[in-house]
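J.: With the input below, show me the fold.
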Amino acid sequence: MQPKSVQALLEDIRFLSEEHYATVQAVRSLVKQLVKPLSEEVKYGGILFSSGIQFGGVFAYKDHISVEFSRGAAIADKSGHLQGGGKLRRHIKLKTLTDIETTHLADYIPLALQAAQGAT
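T.: Coordinates of the predicted model:
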């Protein structure tokens, strides 16, 4: 079985929720603005982001969108929006499109890439 394409996953998300689709697309757009080069792949039910190394991803759930950071535990969380208590990963939950701004997601993206690069 071939892996699902990013476009196919986006179509599935849109079918389930226009708001989730808009939020996932806004997250993708933000990451594309902040990280170059950037590649995406569908894995684990979400879209993973890489720039020489995988550093995070975006996942749509029933009640929220989760932006995951592979080495999020290494990020200095001055704004206090990171969630999770695992050894490595952290995430930010987005319930609405405006949460992208209120959680200062743009500040976390470059930090997530730096944290992943520092782990190699």
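J.: Could I get the buried residue list for stretch 71-79?
T.: Neighbour-count burial for stretch 71-79 flags 71-75 (criterion: 16 or more other C-beta atoms under 10 Å). For the C-beta atoms, the positions are set from N, CA and C on the backbone; glycine is no exception.
J.: so who does the residue nearest to Leu82 when sequence neighbours are not counted touch?
T.: Once flanking residues are discounted, Leu82 sits nearest to Arg90: 4.1 Å by C-beta to C-beta, 6 or more residues apart in numbering. The contact partners of Arg90, taken as C-beta atoms under 8 Å, 6 or more residues apart in numbering, are 68-69, 72-73, 75, 77, 82-84.
J.: with these in mind, which one is nearest to Ala116?
T.: Ala116 has its nearest neighbour among the contacts of Arg90 in Phe69, at 8.0 Å by C-beta to C-beta.
J.: Next, give phi and psi for that closest one.
T.: The phi/psi pair for Phe69 (degrees, to the nearest 10) reads phi -120, psi 120.
J.: what do you get for the one 4 residues further on?
T.: Dihedral angles phi and psi of Ala73 (degrees, to the nearest 10) take the values phi -70, psi -20.
J.: Give me the residue ranges of the chain where confidence is low.
T.: Across the chain, the ranges flagged by pLDDT under 70 are 1-3, 119-120.
J.: Pick out whichever of the buried residues of stretch 71-79 sits closest to Lys62.
T.: Nearest to Lys62 among the buried residues of stretch 71-79 is Gly72, at 22.3 Å by C-beta to C-beta.
J.: can I assume the closest one is in contact with Lys87?
T.: No - taking C-beta atoms under 8 Å as the definition, Gly72 is not a contact partner of Lys87, at 10.6 Å.
J.: Which element, helix or strand, includes Gln33?
T.: Element membership of Gln33, judged by DSSP states H and E, is helix 18-34.
J.: List the buried residues of stretch 16-35.
T.: Buried residues in stretch 16-35 (16+ other C-beta under 10 Å): 20-21, 23-24, 26-28, 30-31, 34-35.
J.: Tell me which residues are up against that stretch.
T.: With C-beta under 8 Å, 6+ apart, stretch 16-35 has contacts from 10, 13-14, 38, 40, 47, 49, 51, 55-56, 58, 60, 65, 67, 94, 96-97, 99-100, 105-106, 109-110, 113.
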